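Trainee: output the structure for:
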Amino acid sequence: MVLSSKQRKFLESLANDLEPIVRLGKFGVTPTLVQTVSEVLTAHELMKIKILENAKIDKEQAAEEIIQGTGASLIKIIGRVIILYRPSPDKKERIEFPDAKSAKKSEASESNEKSPDSKGRNPRKKSFSTGKNTRGKPVRKSTTRRSKN
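Mentor: Residues are numbered from 1 along each chain as shown. Got it, this is the predicted structure:
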């Protein structure tokens, strides 16, 4: 599955709170490890794998072998942590990606809530009236009253 950069960033933000579920040690990528990763991805869709310091395999090579064995997508490798994603057809509550069109619609509906009143004024802004000071120069005066403290 090919993910866009926005989808990868979204998944990366979701994975921020996750703890690594699987740890890769000195035996490297074994068929048992690949099967475990596949089961975890079926249950959770998104996971982290921690590569321990005693692992004799390179992190990019380990990620490639796990991806080939599970059919998952690589989100990111951060230090010694691999983040993987694979959508699960069995899961009831799947990860939903934010849609660019729906995000624009929600922004538009929020801007409509701040629309000007019937006279064309923005209700959140203070109105000012122009007056003249003692020297005849224009002065902006606020129409809102301030408390005398």
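
Trainee: helices of this protein, start to end?
Mentor: Counting by DSSP state H, the chain has helices at residues 5-15, 31-44, 59-70, 100-113.

Trainee: the third one - contacts with which helices or strands?
Mentor: The reference is to helix 59-70. The contact analysis (3 or more CB pairs under 8 Å, 6 or more residues apart in numbering; DSSP states H and E) places helix 59-70 against helix 31-44, strand 46-51, strand 73-78, strand 81-85. Placement of C-beta: from N, CA and C, glycine included.

Trainee: show me the contact partners of that helix.
Mentor: For helix 59-70, contacts defined as CB atoms under 8 Å, 6 or more residues apart in numbering pick out 24, 28-29, 31, 33-34, 37-38, 41, 49, 51, 55, 72-74, 77, 80, 82, 84, 86.

Trainee: quick one, which of those are buried?
Mentor: Neighbour-count burial (16 or more other CB atoms under 10 Å) applied to the contacts of helix 59-70 gives 24, 29, 33-34, 37-38, 41, 49, 51, 55, 72-74, 82, 84, 86.
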